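# after the sequence you'll find the predicted model.
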Amino acid sequence: MISNELKKLFHKHGISLNYNLDSDLISNKKSVILKAYEKKGYYNINEKLINFLCYFNDLEFLFINKFKKPDSIHFKLERALKITYAIKTIEADFDLKKIIPFGMLYREHMELIIDEKDKVYATMDNLLIHFGNDPFDALKNILNNVELDRIEI
């Protein structure tokens, strides 16, 4: 599931990761992920998101941002799910449907969310940045400092 391009980016940023997850570990991770979401009232979680989180749940990475400064991204669900109160506002403000938070970006200044079409965005206040059409694509673009679209209201 992790492309060679993403593996090369990890190497470039000094990120090490276990790419070979056995089926028992995947099953266990999926159960933990689904329970965390159900605890906050989320059901029908995107399959692409679940697969992504099997690799990245509870991990944090440092990377170099577009300003050549160190920055961070993490996929700690307990912290990411604290935004639940703002989900309906974000959906209404940016015309998104069934968004689910799953991580935080830029030293927790932006929340990472995925919509029902698997598109990944980062949001903060009145700003929405589209980073990718699935979580793996978005992570690649974030590490490459590529924004697909930026919307301010």
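Looks like it arrived, so ask away.

# what residues does the longest helix along the chain touch?
When the chain is scanned for its longest helix (criterion: DSSP state H), the result is helix 23-39. Applying Cβ atoms under 8 Å, 6 or more residues apart in numbering, the contact partners of helix 23-39 are 21, 43, 45, 50, 53-54, 57, 77-78, 81, 100. (Each C-beta comes from the backbone N, C-alpha and C, glycine too.)

# from the residues you listed, which ones fall inside helices?
Using DSSP H, the contacts of helix 23-39 in helices are 50, 53-54, 77-78.

# count the neighbours of residue 123 for me.
22 (other Cβ atoms under 10 Å).

# was I right to think it contacts residue 114?
No: between residue 123 and residue 114 there is no contact under Cβ atoms under 8 Å: 11.4 Å.

# circling back to that earlier point, which of the contacts of helix 23-39 ranks first by neighbour count?
Counting by other Cβ under 10 Å, top hit in the contacts of helix 23-39: residue 53 with 25 neighbours.
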